[in-house]
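**Q** Quick one, what's the 3D model for this:
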Amino acid sequence: GLEIINARLSHRNPEYVDYLYGRLARQGFLKRDVQRLINQDRNSFAASMVALGHADGMVTGVTRSYDQVLEEVLQVIDPAPDGRVMGMSVVLAKGHTLFIADTNVTEMPEADELVEIALQAARTVSVLGYTPRVAFMSYSTFGNPMGQRSEKVRDAVAMLDEMDVDFEYEGEMPPELALDPEKRVNYPFMRLTGPANVLIMPAIHSAAISTQLVQAVGGATVIGPLLLGLSKSVQICPLSASVSRILQMATVAAYEQDLVEALT
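**A** Residues are numbered from 1 along each chain as shown. So this is what the prediction gives:
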């Protein structure tokens, strides 16, 4: 029941070339360059199928680095309106579900970018049926000790204080305060009414290391990183992903089309 489409033989190639050339003509691409992309580059061809509604979703990344694939996809598909392109991992452990961001895209986010990451994560978690309680992670605890990264986190929280948001948030704090309300006795001002379920990391290295470490030592299942913030459903697998991982991401991509529509 599977339909296999050969990019070189597809009768829609001229349509895809016209569409992509319209996007790239002022970025140094000649039409023959775009024709070559559509005929020979699987990501350009598949993303064009999704962009023009000839496919519902796209799963890729097994043979190319995440950054390279994302750059290729963004040539074809725009971010969602008011969306933040980012990675979010889902950690299932001990009966709890945690959402961790940004795990894949922005290496060293500034304060305003941390705000956008938090907003995107909270919206997504709400659509998935959870009540987001957002904690901004740091090695410091409300200013002790201070550092360059923790200061950016503090600035992000201050920015949210000036905004009208419909979810709980707090920071900056280490994981034990975020996840265990009993540890908060010395911080009665904390605004979280329960354990945090959305953890906003101060930088991509802390996000990636923490999720990979949890997965490596066992005791938890990690789904993703899920690619969020695009106007169409696209998921990027890790290099050399297993068959089960590819199927998992395909399931997410199938569900994500509804998620994209809900968020836009």
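**Q** count of residues packed around the residue nearest to residue 74 when sequence neighbours are not counted?
**A** Nearest residue to residue 74, sequence neighbours excluded (C-beta to C-beta, 6 or more residues apart in numbering): residue 85, at 7.4 Å. (Glycine included, C-beta is placed from N, CA and C.) Number of residues near residue 85 (other C-beta atoms under 10 Å) recorded here: 21.
**Q** Please apply the same query to residue 95.
**A** A total of 5 residues lie near residue 95 under the criterion other C-beta under 10 Å.
**Q** Pull the contacting residues for it.
**A** Counting by C-beta atoms under 8 Å, 6 or more residues apart in numbering, residue 95 makes contact with nothing.
**Q** Got the phi and psi for it?
**A** phi 80, psi 10 (degrees, to the nearest 10).
**Q** and the most centrally placed residue in the chain, what is it in contact with?
**A** Compute the mean C-alpha point of the chain, and by C-alpha atoms, centre = their mean the closest residue is residue 87, 2.2 Å away. Neighbour list for residue 87: 101, 102, 103, 104, 105, 207, 224, 225, 226, 227, 228 [criterion: C-beta under 8 Å, 6+ apart].
**Q** Assign a three-state SS to it, would you?
**A** The three-state label given to residue 87 by DSSP: H, G, I helix; E, B strand; the rest coil is strand.
**Q** pLDDT at it, what is it?
**A** pLDDT recorded at residue 87 is 93.
**Q** can you pull up the bridge partners for it?
**A** Beta bridges link residue 87 to residue 227, judged by DSSP bridges.
**Q** Please, where are all the strands along this protein?
**A** In the chain, the strands defined using DSSP state E lie at 57-60, 86-93, 96-101, 133-137, 168-173, 198-200, 221-228, 233-236.
**Q** between these, which gets nearest to residue 67?
**A** Residue 67 sits nearest to strand 233-236 of all the strands of the chain, at 9.6 Å, using C-beta to C-beta.
**Q** which outside residues touch the closest one?
**A** If you take C-beta under 8 Å, 6+ apart as the criterion, strand 233-236 is touched by 47, 50, 56-61, 66, 69-70, 73, 77, 104, 226-227, 249-250, 252-254, 256-257, 259-260.
**Q** what lines up beside it in the sheet?
**A** Strand 233-236 has the following strand partners under DSSP bridges: strand 57-60 (parallel).
**Q** Pull out the CA atoms of the partner strand and give them to me as PDB.
**A** Written as PDB, here are the backbone C-alpha positions of strand 57-60 (Å, rounded to 0.1, in the frame of the first residue of the first chain):
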ATOM      1  CA  GLY A  57       4.700  15.200   6.600                       C
ATOM      2  CA  MET A  58       8.400  14.500   6.100                       C
ATOM      3  CA  VAL A  59      11.000  12.400   8.100                       C
ATOM      4  CA  THR A  60      14.600  12.800   7.200                       C
END
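**Q** Check what contacts it and list those residues.
**A** With contacts defined as C-beta under 8 Å, 6+ apart, strand 57-60 is touched by 42-43, 46-47, 49-50, 69, 73, 232-237, 246, 249-250, 253-254, 256-257.
**Q** and what of stretch 179-187?
**A** Here stretch 179-187 has contacts from 98, 141, 142, 176, 177, 190, 192, 194, 195, 196, using C-beta under 8 Å, 6+ apart.
**Q** nearest to residue 131, of these?
**A** Nearest to residue 131, judged by C-beta to C-beta, of these is residue 194 at 8.9 Å.
**Q** Now for residue 116: which residues touch it?
**A** So residue 116 contacts residue 84 (C-beta under 8 Å, 6+ apart).
**Q** Ok, residue 222 next?
**A** 89, 90, 91, 92, 211, 212, 214, 215.
**Q** what's the farthest-apart pair in these?
**A** The span of these, defined through C-beta to C-beta, is set by 92 and 212 at 15.2 Å.
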